[in-house]
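Trainee: mind folding the following:
(chains A, B, C and D)
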2 protein chains.
Amino acid sequence: MQAKDVVLGLLMQGPKSGYDIKQEYEMGLSHFFDASYGSVYPALKQLEKSGMIVKEIVVQEGKPNKHMFTITELGERQFQHYLASPVQPDFYRSDILARLYFGKYGSADALVRWLQEGIDERIRLLRQLETAYEEHKAVLSPPRLISIQFSLQDYQAQIKVMQKGIDYLQSGQGYEFWEMSS
Amino acid sequence: MQAKDVVLGLLMQGPKSGYDIKQEYEMGLSHFFDASYGSVYPALKQLEKSGMIVKEIVVQEGKPNKHMFTITELGERQFQHYLASPVQPDFYRSDILARLYFGKYGSADALVRWLQEGIDERIRLLRQLETAYEEHKAVLSPPRLISIQFSLQDYQAQIKVMQKGIDYLQSGQGYEFWEMSS
DNA sequence: AGCGGCATGTAAGCTGTTACATGATTAC
DNA sequence: GTAATCATGTAACAGCTTACATGCCGCT
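Mentor: All right, here's what the predicted structure looks like:
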């Protein structure tokens, strides 16, 4: 899965501009796939060149022109081709987990601070997703609901562990700490 | 955080070869940072060139020579510099979540199959981590225990959602499904 | 005879990021 | 007046992956 597969998927839902696509990334999709303008626009250019999508310039009043892209039949076949390809394994990279892994070379204060920052960030993401979920839950497709529940439950689990991690560092206990009432 | 920061962190624990480092990645670290030989060896070369580590060739009987690397004082200072830098946000990219997001353009059969594959893979990772945890829990540093608990709880939460997702797809219910006994 | 483990590395290429460049309108 | 939003794009670079290249040892 790469940028152009996701762009194609978004255009399956109807014509969009590069700007629209970036917006849609930010609310929902960004929890498992992020992209910058520097990847969206080149992806659109490439898809247009290979005939997967077509461009139409829409003149707007008081705003810059929009370059709206529509998926072609060839593009739809390409998207089905993506869906038929093997599922790629998830990719997860975490700086905070690396710092915990090497935690004994740092200060306990820093560890607690990093964990608290991680909690705060995840609470922010959680709230954002919950709001979007409450607003749209009645019209979302079943699989999309699963993707949202996945991120929701994931953030909640991570927040719990990080909070428990802070308590653990401050308790001075051994590994038995994690074996009480899991 | 990049490959050389992690390599430096691993060398803080004592001298290691490129092969050793790749081995250690595979058991534990790989849950939040993976690297191939193509990134480990160039990282070592670069770190040696800049004086962060020093090489010593150890002749072995019946096996190829090992190039053992030891961290220098400069390297240790560099590692402390990394720990003092701002924590980078987590990076998560998931093909299966993308396929769920665009799920209405695919078949329900495929969705269930992908979810089941995701569950199986996570059960495998969970078992692997649990085994490593049971074997070493008494000697692991507190922060490293947190990093393991993080992955453990995370996989468990993901497996639960994916299982519930399969049940949901097969139940034919609406979004209320997710609001019973969360 | 062949495979898996041990062990080191390189080269080409893919993918994506960051920073830059431009410019109008609207709200504070 | 100045910041944010709307809107499009490029160029240079970073960072990592894949595939390749090599070779011995021990087991089956």
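
Trainee: list the residues that contact A:L115.
Mentor: A:96, A:162-163, A:165-166, A:169, B:146 (C-beta atoms under 8 Å, 6 or more residues apart in numbering or on different chains). Where C-beta positions appear, they are placed from N, C-alpha and C, glycine not excepted.

Trainee: and these, which is closest to DNA strand C?
Mentor: Sorting those by how near they are to DNA strand C, with C-beta to the nearest atom of the strand, puts A:I96 at the top with 16.9 Å.

Trainee: off-centre distance for the helix or strand hosting the closest one?
Mentor: Under the criterion of DSSP states H and E, A:I96 resides in helix A:95-101. Centroid displacement of helix A:95-101 relative to its chain, using C-alpha atoms, centre = their mean, to the nearest Å, is 21 Å.

Trainee: for chain A, which residue gets nearest to DNA strand C?
Mentor: For chain A, C-beta to the nearest atom of the strand, closest residue to DNA strand C: A:G38, 2.4 Å.

Trainee: would you mark the buried spots in the helix or strand where that residue lies?
Mentor: Assigned by DSSP H and E, A:G38 belongs to helix A:37-49. For helix A:37-49, a neighbour-count test (16 or more other C-beta atoms under 10 Å in any protein chain shown) marks A:39-40, A:43-44, A:47-48 as buried.

Trainee: nearest spatial neighbour of whatever residue of chain A ends up closest to DNA strand D, chain-adjacent residues omitted?
Mentor: Of all residues in chain A, A:Y19 sits closest to DNA strand D, at 3.0 Å by C-beta to the nearest atom of the strand. Residue nearest to A:Y19 in three dimensions, not counting chain neighbours: A:K66, with 7.3 Å by C-beta to C-beta, 6 or more residues apart in numbering or on different chains.

Trainee: equivalent analysis for A:E117, please.
Mentor: Excluding the flanking residues, the one nearest A:E117 by C-beta to C-beta, 6+ apart is B:V87, at 6.4 Å.

Trainee: rank the helices and strands of chain A by mean pLDDT and give me the bottom one.
Mentor: helix A:18-26 (a mean of 91; mean pLDDT, DSSP states H and E).

Trainee: flag every buried residue along that helix.
Mentor: Neighbour counts using 16+ other C-beta under 10 Å place A:18, A:20-22, A:25 of helix A:18-26 among the buried residues.

Trainee: also stretch A:49-57?
Mentor: Buried residues in stretch A:49-57, counting neighbours by 16+ other C-beta under 10 Å, are found at A:52-53.

Trainee: and for stretch A:149-167?
Mentor: In terms of neighbour count (16+ other C-beta under 10 Å), stretch A:149-167 has its buried residues at A:149-159, A:161-162, A:164-166.
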